[in-house]
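Q: quick one, fold the following:
(chains A and B)
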Amino acid sequence: MEELNEPILFSNPSVDLSSLPTTNTLEWQSLAPKYYQLNLARAGLGSLVILLFMVGFTFANGMQVYALTWIIALPVWAILSIFQFWIAARRFAAEAYSLRDRDILHRKGVLIQTETIIPFNRVQHVSIKRGPLEKYFGLASLNIFTAGGQSSDLEISGLPVQRANELKDFIAEKTGSDVID
Amino acid sequence: MSLTETRLFSLPTRQSPVAIILILLRLVRTLFRQLWPLLLVLLFNPRGEVGGYITPFIIGIAAISALRSIISYFRYYFYIQDRELIIERGVLQHTRTAIPFDRIQSISLNQGPIHQLFGVSSLDIDTAGSSGSELSITALSVQEANQLRTYVLSQRAPISSQEVSDDESEEEVSPSIAPTSKKLLLELNIPDLLKIGVSQNHLRTAGILFAFSLSVLDDLEQVVGPEIYKMMEERFGEIFTSFIWASVILAVFFLIISFALSLLFSVLRNYQLRFYRTDIGFQMQAGLLDRREQTISLPKIQFIRWSANPFQRFFKLYRLRLYQASSIAVSAQGAMTVPGCYDAQLKNVQEAYFPDWSETEKTLHGVSRYLVRRRFIIHGLLPAGLFFLINLGSPLQGIIGGVFWLIFSYFWNVRYQRYWKIWLSEIGVEAHYGLLTRHRYLLHWRHLQSTKVRQSFIQKRLDVADLLLYTAAGTLHIPYLPVEKAKAIRDFILYRVESSQESWM
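A: Residues are numbered from 1 along each chain as shown, chains lettered A, B, ... in the order given. Presented below is the predicted three-dimensional model:
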């Protein structure tokens, strides 16, 4: 049997591995407090849409829906909504970003947590995106693109507009990459 | 490159007249694909009411198609101006497309049967834009096509040599020359072709065949009406007296047909496959009816992956894929696939992609045993539970089947987890995984674009994480590493990428 799970990462490493920058001692920047409200608003809109759909379905059936259906459907809807709100509330605490000298970090996710790092020397371009809800709350999303395709692109949402612009300029300057507005 | 050649393409040039035939055929094929149910109705019309219209209708369509092909031939020009390849075309609407040489990723020559008959070739140009930005010239004499490609690639080269010059990796040959000299690495003979054909994934062909026959039945039903099923029942009813017999016979039938089909297609596709090592990378030519040619330059190869299923292992064959950065990278087309090669060719490609990999000091790592648990729940418990539920009528059968599957699944996944092996070094990584079909990949850290450490809430409790490595030609992942190790590996790779000036392409 070959020896697996060796405790050492590299045999005879050329750098002191413990001296490498780690993410454990990092200062994470949290997002704008309004992002918390935005997430809750999104969850509220989501459960409202489901409720409207259910009502619409009842009307489409000419009100011929048994009370029993609603007795089952309403609690299911309530549980789903509570779950949605719970996730939305947790999302704010889970999301954060951090800038280092040579890369940008972003962590997010409640059920599935991810920590993405993009080195500045791999950034292709940066852009800012604002949806209708984000505009209402005065927030913006920063998109960072690499050549690694859609799944590797980074979107940092919940930034104040000014901050997003500063970040965009900072990254563009660091990378010498294109800025797309 | 002589001046005459430069002048050759500086004037607007038409394609070879063979293009008319090819454009016409393409039109007919598109029309036929759109209209075949209608044609079927017209041809087998039981009442013969519309018979009188058929002939003028078909003649009309044929005339319009022919006219269209001829016009589009005369309206199509290409030329070279200011280091740009310019294509002007369009029957009703005139389009002018200019492709700067530096944005051209690769140029491949492809020959269908008609191309081969007339000694012409089509030229497909892949650019570094968004998807769908590929352009093609339908027909050009083989000599002209080669001239054009050599010229464009040689003009483009100075830029790419600049990119490579601040590169620490050693290029054996200066990449500033277009592929002029090349060494044959592999030529498939008939026994090789048969081996590759036999070791194909026949189950996949069976699946495609099944889906295809279902869709044909569906179309036929629309045309002929529901009587089709009645008709089939009358014809084959006696054989299919019981459902089980019917499914066994159908399954065997599909397997035999799909075996024959995938063998045939594989031989046609890979006929006279030649795999070359060129100055700048690799080149492959293959195919009997559709002769295609693909070139890939070394700096564009992001990672390589090779695999062998049990049949291929028996023949000592590998299926080798070279993944390149391109606009169509994420789809399968971005990769160059050598459907069957031997150890020698594999070594050659590895050596070219990653010069000192075999001598590099590496440490061996495995993945966490929790992977067994996850896979056992998904591939073992879930199907076994479903099987039990389906067989609630005869619980004994359900229990025996379920338990058998659980035992099998457990041992399978234990072996699966043990087979995950990661050789880590300071310059790259090689990973082995898969039990039935064994996959391996090799990645040089410099091709990395970004990284992600991913943990589901279950993984978080178990202190394991998935490590995702993004490259410009796709994503590689290593599942279920102890979280500290995943982060340590990630930190080290980032240190490598961020502290060096090596370009990823």
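Q: can you give me the helices in chain A?
A: Under the criterion DSSP state H, helices of chain A are mapped to A:33-60, A:67-94, A:132-137, A:161-175.
Q: burial measure for the closest residue to B:Ile86 other than its chain neighbours, as a count.
A: Once flanking residues are discounted, B:Ile86 sits nearest to B:Ala98: 4.9 Å by CB to CB, 6 or more residues apart in numbering or on different chains. (Glycine included, C-beta is placed from N, CA and C.) B:Ala98 has 12 neighbouring residues, counting by other CB atoms under 10 Å in any protein chain shown.
Q: same thing with the one 10 residues further on?
A: Using other CB under 10 Å, B:Ser108 has 22 neighbouring residues.
Q: tell me the contacts of B:Thr363?
A: Applying CB atoms under 8 Å, 6 or more residues apart in numbering or on different chains, we find B:Thr363 in contact with A:6, A:8-11, B:423-425.
Q: A:Gln124 and B:Pro299, how far apart?
A: Using CB to CB, to the nearest Å, A:Gln124 is found at 17 Å from B:Pro299.
Q: who has more neighbours out of those two?
A: Taking other CB under 10 Å, A:Gln124 and B:Pro299 do not tie; B:Pro299 has more neighbours (22 against 16).
Q: pLDDT at residue 36, what is it?
A: The chain I'm using is chain A. Turning to A:Tyr36, the model gives it a pLDDT of 93.
Q: ah, no, chain B please
A: Reading off the model, B:Trp36 has pLDDT 76.
Q: in three-state terms, label it for me.
A: State at B:Trp36, reduced to three classes by DSSP: H, G, I helix; E, B strand; the rest coil: helix.
Q: now it: how far from B:Thr30?
A: In terms of CB to CB, B:Trp36 sits 11 Å off from B:Thr30.
Q: quick one: low-confidence parts of the stretch 201-350 of chain B?
A: B:222-244, B:326-334 (pLDDT under 70).
Q: do a quick rundown of the helices in it.
A: B:202-224, B:227-236, B:243-270, B:310-315, B:343-353 (DSSP state H, counting those that start in this stretch).
Q: who wins for proximity to A:Ala172 among the ones you listed?
A: helix B:343-353 (32.5 Å; CB to CB).
Q: buried residues in the helix or strand following that closest one?
A: As assigned by DSSP states H and E, the chain's next helix or strand after helix B:343-353 is strand B:363-366. By neighbour count, and taking 16 or more other CB atoms under 10 Å in any protein chain shown as the criterion, the buried residues in strand B:363-366 are B:363, B:365-366.
Q: equivalent analysis for stretch A:83-95, please.
A: A:84-85, A:88, A:91-92, A:95.
Q: dump those to JSON lines, plus distance to B:Arg438 and pLDDT.
A: Rendered in JSON lines, the data for the buried residues of stretch A:83-95 read as follows (distance: CB to CB, whole Å; pLDDT from 0 to 100):
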{"residue": "A:Gln84", "distance to B:Arg438": "43", "pLDDT": "92"}
{"residue": "A:Phe85", "distance to B:Arg438": "47", "pLDDT": "93"}
{"residue": "A:Ala88", "distance to B:Arg438": "44", "pLDDT": "92"}
{"residue": "A:Arg91", "distance to B:Arg438": "40", "pLDDT": "91"}
{"residue": "A:Phe92", "distance to B:Arg438": "44", "pLDDT": "90"}
{"residue": "A:Glu95", "distance to B:Arg438": "39", "pLDDT": "94"}
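Q: picking up where we left off before, looking at the helices of chain A, which one is packed in the most?
A: Among the helices of chain A, ranked by average contacts under mean count of other CB atoms under 10 Å in any protein chain shown, first place goes to helix A:161-175 (a mean of 17).
Q: list the contacts of that helix.
A: Here helix A:161-175 makes contact (CB under 8 Å, 6+ apart) with A:32, A:99, A:104, A:120-121, A:123, A:126-128, A:130, A:138-142, A:144, A:156, A:159, A:177-179.
Q: tell me which of these fall in strands.
A: A:99, A:104, A:123, A:126-128, A:139-142, A:144, A:156, A:159, A:178-179 (DSSP state E).
Q: where does pLDDT dip in chain A?
A: Judged by pLDDT under 70, the stretches of chain A that qualify are A:1-7, A:12, A:62-66, A:176-181.
Q: and chain A, which of the helices of the stretch 201-350 of chain B is closest to it?
A: helix B:343-353 (18.0 Å; CB to the nearest CB).
Q: in that closest one, what's buried?
A: B:345-346, B:348-350, B:352-353.
Q: make TSV out of the residues you listed and add distance to chain A.
A: Shown next, in TSV, are the buried residues of helix B:343-353 (distance: CB to the nearest CB, whole Å):
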residue	distance to chain A
B:Gln345	27
B:Leu346	22
B:Asn348	27
B:Val349	22
B:Gln350	20
B:Ala352	22
B:Tyr353	18
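Q: make JSON lines out of the residues you listed and add distance to B:Arg83.
A: Shown next, in JSON lines, are these (distance: CB to CB, whole Å):
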{"residue": "B:Gln345", "distance to B:Arg83": "35"}
{"residue": "B:Leu346", "distance to B:Arg83": "37"}
{"residue": "B:Asn348", "distance to B:Arg83": "33"}
{"residue": "B:Val349", "distance to B:Arg83": "32"}
{"residue": "B:Gln350", "distance to B:Arg83": "35"}
{"residue": "B:Ala352", "distance to B:Arg83": "29"}
{"residue": "B:Tyr353", "distance to B:Arg83": "29"}
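Q: quick one: end-to-end length of stretch B:126-141, please.
A: End-to-end distance for stretch B:126-141, by CA to CA, to the nearest Å: 20 Å.
Q: er, stretch B:426-445 actually
A: From its first residue to its last, stretch B:426-445 covers 8 Å (CA to CA).
Q: and for stretch A:11-25?
A: End-to-end distance (CA to CA), stretch A:11-25: 25 Å.
Q: how about it, which residues are buried there?
A: Buried residues in stretch A:11-25 (16+ other CB under 10 Å): A:Thr23.
Q: so which of the buried residues of strand B:363-366 is the closest to chain A?
A: Using CB to the nearest CB, the shortest approach to chain A within the buried residues of strand B:363-366 belongs to B:Gly366, at 3.5 Å.
Q: isn't that closest one up against B:Tyr419?
A: No - judged on CB atoms under 8 Å, B:Gly366 makes no contact with B:Tyr419 at a distance of 9.2 Å.
Q: mind listing what the residue nearest to B:Ile86 touches?
A: B:81, B:84-86.
Q: swap in A:Gly148?
A: A:122, B:449-450, B:470-472, B:475.
Q: which SSE is B:Leu148 in?
A: Following DSSP H and E, one finds B:Leu148 within helix B:142-165.
Q: distance between whatever helix or strand comes next after that helix and the chain's centre?
A: Toward the C-terminus, helix B:142-165 is succeeded by strand B:182-187 as the next helix or strand (DSSP H and E). Here strand B:182-187 is found 22 Å from its chain centre; the criterion is CA atoms, centre = their mean, to the nearest Å.
Q: what does strand B:182-187 contact?
A: B:272-279, B:283, B:338, B:341-342, B:344-345, B:348.
Q: which SSE is immediately downstream of it?
A: helix B:190-198.
Q: keeping just the C-alphas, turn that next one into CSV.
A: Below are the C-alpha coordinates for helix B:190-198, written out as CSV (Å, rounded to 0.1, in the frame of the first residue of the first chain):
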residue,chain,number,x,y,z
ILE,B,190,-6.0,-0.7,-39.8
PRO,B,191,-5.5,-2.9,-36.7
ASP,B,192,-5.1,0.2,-34.6
LEU,B,193,-8.3,1.6,-36.0
LEU,B,194,-10.1,-1.6,-35.2
LYS,B,195,-8.7,-1.6,-31.6
ILE,B,196,-9.9,2.0,-31.1
GLY,B,197,-13.3,1.2,-32.7
VAL,B,198,-13.8,-1.9,-30.6
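Q: just give me the neighbour total for B:Gly197.
A: Around B:Gly197 there are 22 residues (other CB under 10 Å).
Q: tell me the contacts of it?
A: Contacts of B:Gly197 by CB under 8 Å, 6+ apart are B:262-264, B:266-267.
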